[in-house]
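Colleague: generate a structure from the sequence data that follows.
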Amino acid sequence: MRFLIVDDSSEFRRALAQMLRGRWPEAHTGEWDPSRLGNPVAALVHERYDLLLLNLHPAGEAGMQWLAQIRARPQAPPVVLIADYGDTHVAIQALKAGAADFLRKTGLTQQRLTRTIEDALREQEARRQEISGARSSFVRTIPIDALRSGAPAQDNAGHIPGYRTLRKIGEGGMARVYLAERAHDGLQLVLKVLDPGLRRDGTFLQRFVREYKLIAEIENEHVAHIFDQGFAGEQAYIAMEYLSGGTLAARIHEGMSSLAALRLTSQIAKALDAIHAHGIVHRDLKPQNIMFRPNGRPVIVDFGLAKDLDATSHLTRYGEVMATPRYMSPEQCRGRAVDARSDLYSLGAIFYEMLTGERLWGNEGPAGLLQKHVHEPVPSLPERLAGYQTIIDRLLAKSPEDRFQSARELFATIAV
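Modeller: Residues are numbered from 1 along each chain as shown. Here you go, the predicted structure:
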């Protein structure tokens, strides 16, 4: 592993080099003093580096311009910008200029630095594979090892004609979820099977069938693809693609950089825009309902509580009760009508969690969460994340009129 550290301060360069060697003991850490050597693009002519750490304000020069020149080179390495100060605007500008991430020197730790670099290298490799055609940017299903997912299906549980049930991989109040194979071609997918006891419950059955109808025609890389829906005796089922990349909840638990959180938020906003364009509000957006394709793209799943804004529905009352309190908007908590801006509030709670690694409103129970969503002021981010406060404030505004007015507006603001 070869790194180039570009900063005026020899002391800071040495500190970064020490952090890097703590994670990659065999790494080569080159140091470049821009006050003496100028633009580091010259270093790339004769040397190959896996990543550059670049001061945003080197020797009084415009680091953004240097960044653009570096990224314009063939086979350019990822660049992480580092600065003494910076806010949301600087972070977004850095990403749009081609930076892999933006870090502030204040409070920078080895863990945070190495996590950022690992994310940058992973993203670089994913883009290289897409450019080379090694993997499509829209992979509907991939082969998986069934023996490593969930638990064996018991007896004839989840059996649907035309499918071979392999494992039970999830269970909720309405349905059980199975990993299965389609009999005629061996395609591995997910079967979501309604609890037989609810087959005769008109409300739940309508909700289950409507989930299929709402998203069956949405062809978007950020929305899970549904292959089939039907009935087998007392069992209603939906067959959908299997997403092997895990959930956002798991990624938050592992930890992520602030810029990785911003990038994911922009991608989720793009996904919400596709859903909202079809007149659909998800109403239960949460980290567990955001999964990933093998190429790292986030995918929104579980539309069981979604609402078609163009249709008259009698299921709203049930949806308000069943949604997850942790991520509900104030208008949901009050039992009022919701629109696309409710999903943006939920995304704000998720963004807060991605940034801080902590859940909004801590360990409050359901009743306390409802109260805080409605009445509690938006919490302040830690000082190191203060640059993202304006985005959090707009997403988590109590009144829908004070939020971003659409997912498209949010995406246009933070797209990276």
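
Colleague: in the protein, where's the longest helix?
Modeller: In the chain, assigned by DSSP state H, the helix with the most residues is helix 110-132.

Colleague: downstream neighbour of the helix or strand bottoming out on mean pLDDT in the chain in the secondary structure list?
Modeller: The element with the least model confidence among the helices and strands of the chain, by mean pLDDT, DSSP states H and E, is helix 316-322, at a mean of 43. Using DSSP states H and E, the helix or strand that directly follows helix 316-322 along the chain is helix 330-333.

Colleague: list the helices and strands the host helix or strand of V374 packs on?
Modeller: For V374, the host element (DSSP H and E) is helix 366-375. Helices and strands in packing contact with helix 366-375 are listed as helix 330-333; criterion 3 or more CB pairs under 8 Å, 6 or more residues apart in numbering; DSSP states H and E. Yep, even glycine has a C-beta here, placed from its N, CA and C like the rest.

Colleague: which strands or helices does the helix it packs on pack on?
Modeller: Packed against helix 330-333 by the contact rule (3+ CB pairs under 8 Å, 6+ apart) you find helix 340-356, helix 366-375.

Colleague: is it possible to get TSV of those helices that adds mean neighbour count and mean pLDDT?
Modeller: Putting the helices and strands packed on helix 330-333 into TSV (neighbours: other CB atoms under 10 Å; pLDDT from 0 to 100) gives the following:
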stretch	mean neighbour count	mean pLDDT
helix 340-356	24	95
helix 366-375	16	92
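
Colleague: can I get those in a markdown table with distance to Q110?
Modeller: Converted to a markdown table, those look like this (distance: least, CB to CB, whole Å):
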| stretch | distance to Q110 |
| --- | --- |
| helix 340-356 | 19 |
| helix 366-375 | 35 |
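
Colleague: do you know which of those helices lies nearest A42?
Modeller: Closest approach to A42 among the helices and strands packed on helix 330-333 is made by helix 340-356 (36.3 Å; CB to CB).

Colleague: how is this structure divided into domains?
Modeller: With domains defined by automatic domain parsing, the chain comprises 2-132, 146-241, 248-414.

Colleague: so how far does the longest one reach from one end to the other?
Modeller: Distances were taken as CA to CA, to the nearest Å; on that basis the terminal residues of domain 248-414 are 19 Å apart.

Colleague: OK, contacts around L355?
Modeller: Neighbouring residues of L355 by CB atoms under 8 Å, 6 or more residues apart in numbering: S258, A261, L381, L385, Y388, I392.

Colleague: ok, L51 touching F3?
Modeller: Yes. Counting by CB atoms under 8 Å, L51 sits close enough to F3 to count as a contact (5.5 Å).

Colleague: let's see the pLDDT reported for M19.
Modeller: Looking at M19, its pLDDT reads 95.

Colleague: phi, psi for it please.
Modeller: phi -60, psi -40 (degrees, to the nearest 10).

Colleague: which residue sits closest to it in space, ignoring its chain neighbours?
Modeller: Nearest in space to M19, with sequence neighbours left out and distances taken as CB to CB, 6 or more residues apart in numbering, is Q110 at 4.2 Å.

Colleague: report the contact partners of that neighbour.
Modeller: For Q110, the set of contacting residues under the criterion of CB under 8 Å, 6+ apart consists of M19, G22, R23.

Colleague: just the buried members of these?
Modeller: Applying 16 or more other CB atoms under 10 Å to the contacts of Q110, the neighbour count classes M19 as buried.

Colleague: and the gap between the residue nearest to D84 when sequence neighbours are not counted and G368?
Modeller: With CB to CB, 6+ apart as the measure, K105 is the residue that lies nearest to D84, at 5.4 Å, once sequence neighbours are left out. K105 sits 38 Å away from G368 when distances are taken as CB to CB, to the nearest Å.

Colleague: what does G362 give?
Modeller: According to CB to CB, G362 stands 9 Å off from G368.

Colleague: circling back: can you tell which of the helices and strands packed on helix 330-333 is closest to L56?
Modeller: Across the helices and strands packed on helix 330-333 (criterion: CB to CB), the nearest stretch is helix 340-356, sitting at 20.2 Å.

Colleague: what about the closest one, distance to the chain center?
Modeller: Taking CA atoms, centre = their mean, to the nearest Å, one finds the center of helix 340-356 at 11 Å from the center of the full chain.

Colleague: and the longest helix of the chain, how far out from the chain's middle?
Modeller: On CA atoms, centre = their mean, the centre of helix 110-132 falls 15 Å from that of its chain.

Colleague: with only the CA atoms kept, save that helix in PDB.
Modeller: Below are the C-alpha coordinates for helix 110-132, written out as PDB (Å, rounded to 0.1, in the frame of the first residue of the first chain):
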ATOM      1  CA  GLN A 110      -6.500   6.600  13.600                       C
ATOM      2  CA  GLN A 111      -9.800   4.700  13.500                       C
ATOM      3  CA  ARG A 112     -11.600   7.400  11.700                       C
ATOM      4  CA  LEU A 113      -8.800   7.900   9.200                       C
ATOM      5  CA  THR A 114      -8.400   4.300   8.400                       C
ATOM      6  CA  ARG A 115     -12.100   3.700   8.100                       C
ATOM      7  CA  THR A 116     -12.300   6.600   5.600                       C
ATOM      8  CA  ILE A 117      -9.400   5.200   3.600                       C
ATOM      9  CA  GLU A 118     -10.900   1.700   3.500                       C
ATOM     10  CA  ASP A 119     -14.200   3.100   2.300                       C
ATOM     11  CA  ALA A 120     -12.400   5.100  -0.400                       C
ATOM     12  CA  LEU A 121     -10.400   2.100  -1.700                       C
ATOM     13  CA  ARG A 122     -13.500   0.000  -1.700                       C
ATOM     14  CA  GLU A 123     -15.400   2.600  -3.700                       C
ATOM     15  CA  GLN A 124     -12.500   3.000  -6.100                       C
ATOM     16  CA  GLU A 125     -12.500  -0.800  -6.800                       C
ATOM     17  CA  ALA A 126     -16.300  -0.900  -7.300                       C
ATOM     18  CA  ARG A 127     -16.100   1.900  -9.900                       C
ATOM     19  CA  ARG A 128     -13.200   0.200 -11.600                       C
ATOM     20  CA  GLN A 129     -15.200  -3.000 -11.900                       C
ATOM     21  CA  GLU A 130     -18.200  -1.100 -13.400                       C
ATOM     22  CA  ILE A 131     -16.000   0.600 -16.000                       C
ATOM     23  CA  SER A 132     -14.300  -2.600 -17.000                       C
END
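
Colleague: all set, thanks.
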